Each structure stands twice: as C-alpha cells, then as structure tokens.
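> quick one: sequence and predicted model below, then my questions.
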Amino acid sequence: MPTKEEVKRQIREAIDRRADQIIKVGETIRHHPELGFKEIKTARLVEQTLKDLGLSPQTGLALTGVRATMNAAKEGPTLALLGELDGLVVSDHPLADPETGAAHACGHNAQIAGLIGAVMGLLDSKALQHLAGRVVAFAVPAEEYGDVAWRVHQAREGKLEFLGGKPELLRLGHFDDVDMAMMIHTTPRPEDKLAGVGVSNNGCVVKTIRYIGKASHAGGAPHMGINALYAANVALTAINAVRETFREQDTIRVHPIITQGGVQVNVIPADVRIETYVRGKTVEAILEANTKVDRALQAGALALGAQVEIETLPGYLPLFNNMEMAEVFKANATALVGEANFTTIGHRTGSTDMGDISHVMPTLHPYMGGASGMGHGADFQITDPKLAYLGPAKALAMTAVDLLWDDAATARGILSKTQSRMTKAEYLAFQRGINRRVLFDGMTLQTKPLS
Ligand SMILES: [Zn+2]
Ligand SMILES: [Zn+2]
C-alpha cells in the first residue's frame, strides 16, 4: 500500500503526462467563450471528455451543468470539485465571440481545465482505491451574473428560478448529496502571488430598474413630456450622495449601468433602464444599503414626476472560506509553487455564487496564477498555461486525497466541527424573500399642509 505522499506524487506525474490534453481543454474553451446558462459547446466538451475517461456524466443540470461521481473504495463523505463554465461580455477582448461579446476574461476556462485535469490525475493514479467517500466532478454554469434581462425572461418562462448557476443547482437538489465543495479561481493580480486564499467575499443583490416617463417632441414640446433619462440621472446622483454613509467595514459596492437611455434623439426618453448590484460584506449591510439605493431611485422619479419600477433579485451570499480546508490547500499549493509564492488574502469585494454554497456546507474558493491583465478586462490573458491549467488540477486532486485519506479522517473532522450557516430550506427561503418588484409613482405623492 503506497503512502499518501506517494499517491499525491503519482497524481502529479499523471497530470504531467496528460499536460498537452489538459492545456488543450483550457485553450479550446478560451477560444470559444459562451455566456452563462448558454455554455452549450463548453458543456459538451466536458461531457465528452468525462465519458472518454470512463465516467457517466449527468448533463443539462440548471440548463448546462455537467456532473460525474467517482466512488472511492470505502464509504465516506462526498467532496465536490467545481469548475465554472461561463465567460462574460467583454466585447473588446481580442478573443471575444463576435456575436455575443462573450470572452473568458475571468479565466473560468482554466477552472474547467483544472477540473478535468484533477479527474485525470485521480483516475490515472487509481488514487480512489486508497480513499473513502466520493469525489464529484461538477462543471457548473453561470457564475457571472450578467445578461440579466435574458435570464429574467427565462425565469418568467419557468426555465430558471435563480439567475446564478450554483443557487439554481442548489435549488434543484444537485448538491443534496454533497458534503463539502471546492474550486480554484484563476487570478491575474500580482499581489495574489502564484497561489493564495482569502477569508471572505462580498455578497450582493441584483436590481433591474425601469423609469417610465412620457414621450414628447424634444424640440417642440419638451414641457409635454416626462424625461425618464433625467429621472435616472437624479437617481444616480442620489446614489452617489449616499455613498458617504456606507461604512468602510461593510465594503459596500453599488455600480449601476444605464442599459437603455433613450431610443431617438428628438424624442423625450420615456423608457430608461438601469441595472445594478448592491454588494456588501454581510447580508445585513447589503440589505441596509439596498434600502438607501431604493430611496435614491425613488428620488429620481419624484423629481421628474416619473414612475419607477424597481425589481430586486436574489444575488449571491457573502463567501466564507472554510479555514481548515484552506490549510489543506495551502500545504499542497506551497508544495507546487513554493512558500514565498503563496499569500493569504483578507476580504475581497467581488462576489461569487460559491458564497451561496459556503452557507450550506464547508467550502473553499482559493486562487492560483498563470494569468495577467485585469479580471473582467480586455487585456485578461492566460500567460502561463502550465500554472493556470495544471496547477489547479494538481492542487484540487492533492487536496481531495488529503481530505479523503485514512477513512476520510480530515474531511470527517471538518464536517463534525462545522455548523452550516443555513440549511438548504433556510437558504431557499432567504433568497426567495429578496425577490421584490414595486412601482413608485413620483407624480401622485400627497403632502399635508402644516399649521
Ligand atoms: Zn468574474
Ligand atoms: Zn470568475
């Protein structure tokens, strides 16, 4: 019987033998980016690759997710290894899809390469013979929360309830048999070094806003119209004014965009649309900031006598990394990249639906390098394919071995100590409670005379 370190060495060697194949997966996806819930070709590549490895993947989970289960020799806990399938719209990225604008400007292609590579390493080395429990390889859709109007439409047609991939997979029960989950995100930031793990991430709610005014001749009769664009302008200014009330420790981020500002220049705009997130470090802080944003949005309608429809959608919950899983990852990551190239990151102000998973089970979402440029920027590139694709493959598989070795002693220890923040039922109830669509009429407000 080999030692744990021998098994981990065999995994690294197996992944190195498959290097060309794993890098090809990462590069193929990088050159064929698809948006969330529409990752058809990417999902098919994952499905075919898993089938070629002898697995029997389930497909079409939350529209495009792909999941395969690998049983270890003995009974034990189930660890899910995740990779995200989606790109996002960065139209001026050199590899952007000319039709959709989708690009892999967040490096999710490297997550899928890493996931596939980890599966190859575990299977080729026959590591599962020495482990207890199950490893689930899970390619998940739609981490980037964009394309909101299309997703809302899918929801109205009953094809989705939640508009992010992991929340929807949770709802549908595809995590019901999973005890703990991890993934590794690519980072282009030099300060994240070659590998690192943070403590937490912001969560968010998502808002779609529609100002309803009244069209009229912009030159001949502007006084007959109600300018929805100016109502929106007042609202954006009001949001900027309330920013100074946000406390540093809550790391609130509000970043609205106007997705429709008017349709014809000589017509007073009557239908203007905004999308925004309200992000923060805790659920309480997000909800408090959201109340202020709603007031600011109403102020715009009030000033112009317009109406505003405000839709608040469940976004992502804050991420809390399991610090014991982080220690296991750190040992493996430093073995791969060296102690000096590992860093511990504090709180991050982006959001991920891995936060939702972290509320219901021990979860880990660390980072590895191999990329450059700006995350979500046109200059984001995979610059070191070996580190970006093979590094996560090795770190995922080695961490799985550590967690499930010795009758899964480490995984069982973490599970026995960890109280999940929410049950699945509590999670679903909370997110459903966020959903709200209201109309505020800025014209019909009443005031009372004061004596
Ligand atoms: Zn991203
Ligand atoms: Zn990402």
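Okay, I see it. Ligands and ions are numbered 1, 2, ... in the order given.
> contacts only, for residue 349.
By Cβ atoms under 8 Å, 6 or more residues apart in numbering, the contact set of residue 349 is 201-202, 251, 253, 279. Using the backbone N, CA and C atoms, a C-beta is placed for each residue, glycine as well.
> apply 7 Å and report the result again.
Residues near residue 349 by Cβ atoms under 7 Å, 6 or more residues apart in numbering: 202, 251, 253, 279.
> what does residue 308 give?
For residue 308, the contact set (Cβ under 7 Å, 6+ apart) comprises 209-211, 297-298, 300-301, 440.
> again, 6 Å this time
Residue 308 sits next to 211, 297, 301, 440 when contact means Cβ atoms under 6 Å, 6 or more residues apart in numbering.
> give me the sheet partners of the helix or strand in which it is found and which way each runs.
Using DSSP states H and E, residue 308 sits in strand 307-316. Here strand 307-316 has these sheet partners by DSSP bridges: strand 200-212 (antiparallel), strand 436-441 (antiparallel).
> what residues sit buried inside the lowest-mean-pLDDT helix or strand in the chain?
Taking mean pLDDT, DSSP states H and E as the measure, the helices and strands of the chain show their lowest mean at helix 148-156, namely a mean of 93. Across helix 148-156, burial judged by 16 or more other Cβ atoms under 10 Å covers 148, 151-152, 155.
> let me have these in JSON lines, extended by distance to residue 222.
Below are these laid out as JSON lines (distance: Cβ to Cβ, whole Å):
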{"residue": "148", "distance to residue 222": "31"}
{"residue": "151", "distance to residue 222": "36"}
{"residue": "152", "distance to residue 222": "32"}
{"residue": "155", "distance to residue 222": "37"}
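> list just the nearest of the residues you listed to residue 309.
Set against residue 309, the nearest of the buried residues of helix 148-156 by Cβ to Cβ is residue 152 (12.1 Å).
> quick check: the closest one vs residue 141, distance?
Counting by Cβ to Cβ, to the nearest Å, the gap between residue 152 and residue 141 amounts to 16 Å.
> same for the lengthiest helix in the chain, what does it pack against?
Secondary structure of the chain per DSSP state H: the longest helix is helix 391-417. If you count contacts as 3 or more Cβ pairs under 6 Å, 6 or more residues apart in numbering; DSSP states H and E, helix 391-417 packs onto helix 4-17, strand 74-84, helix 108-124, strand 132-140, helix 323-337.
> can I get the contacts of residue 308 in CSV with distance to residue 41, pLDDT and neighbour count?
Below are those laid out as CSV (distance: Cβ to Cβ, whole Å; pLDDT from 0 to 100; neighbours: other Cβ atoms under 10 Å):
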residue, distance to residue 41, pLDDT, neighbour count
211, 38, 98, 31
297, 39, 98, 27
301, 43, 98, 29
440, 43, 97, 19
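> number of residues surrounding residue 182?
Residues within reach of residue 182, counting by other Cβ atoms under 10 Å, total 26.
> swap in residue 275?
Neighbour count for residue 275, taken as other Cβ under 10 Å: 20.
> checking it next. Helix, strand or coil?
At residue 275 the chain is in strand, as set by DSSP: H, G, I helix; E, B strand; the rest coil.
> bridged to it, which residues?
With DSSP bridges as the rule, residue 275 is bridged to residue 208, residue 257.
> and among the helices and strands packed on helix 391-417, the most buried is which?
Mean neighbour count (mean count of other Cβ atoms under 10 Å) peaks for helix 108-124 among the helices and strands packed on helix 391-417, with a mean of 28.
> isn't residue 111 right up against residue 83?
Yes - with contacts counted by Cβ atoms under 6 Å, residue 111 reaches residue 83, the gap being 3.9 Å.
> report pLDDT for the residue nearest to residue 243 when sequence neighbours are not counted.
Of all residues not flanking residue 243 in the chain, residue 254 sits nearest, at 7.3 Å (Cβ to Cβ, 6 or more residues apart in numbering). We have a pLDDT of 98 for residue 254.
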